[in-house]
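Trainee: sequence-free structure coming up:
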């Protein structure tokens, strides 16, 4: 199921080509993070730091971390083509995360 979602989103990205809006890119990131956030035990949980302007961090299953990091770079590169974007926020990483109700969450 997760692979199909990933392939679907990738296919949509290829079909739409260049010129996607910043909102479309951010929505894609949020959906990717949503599908990558699953767990059964605390040790499966970690976070990625996607960077400006995708946010400070996103909680994810550790098996999905490398894939999300690579996608964040790709999406950031696409977003940075828009010179009107700016980010000015301080990030504080979560100190305690774990698995609760099948999702990685801050405690």
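Mentor: Ah, there it is. Not measured: the values here are computed from a predicted model.

Trainee: now do the strands in this protein.
Mentor: With DSSP state E as the definition, the chain shows strands at residue ranges 45-48, 58-61, 97-100, 103-106.

Trainee: quick one: strands adjacent to the last one?
Mentor: Strand 103-106 has the following sheet partners, assigned by DSSP bridges: strand 97-100 (antiparallel).

Trainee: just want the most central residue of this protein.
Mentor: Using CA atoms, centre = their mean, the residue of the chain that lies closest to the mean C-alpha position is residue 33, 4.1 Å off.

Trainee: follow-up on the earlier one: just the strands of the chain: most buried one?
Mentor: Looking across these with neighbours counted as mean count of other CB atoms under 10 Å, the highest average goes to strand 58-61: a mean of 22. The way it works is simple: take the backbone N, C-alpha and C, and place the C-beta from them, glycine included.

Trainee: of the strands of the chain, which approaches residue 71 most closely?
Mentor: Among these, strand 45-48 comes nearest to residue 71, with 9.3 Å by CB to CB.

Trainee: ok, and what's touching that closest one?
Mentor: Applying CB atoms under 8 Å, 6 or more residues apart in numbering, the contact partners of strand 45-48 are 39, 57-62, 65, 68-69, 72, 93-94, 97-99, 104-105.

Trainee: coming back round to it: from residue 88, how far out is the residue nearest to the centre of the chain?
Mentor: Computed as CB to CB, to the nearest Å, the residue 33 to residue 88 distance reads 22 Å.
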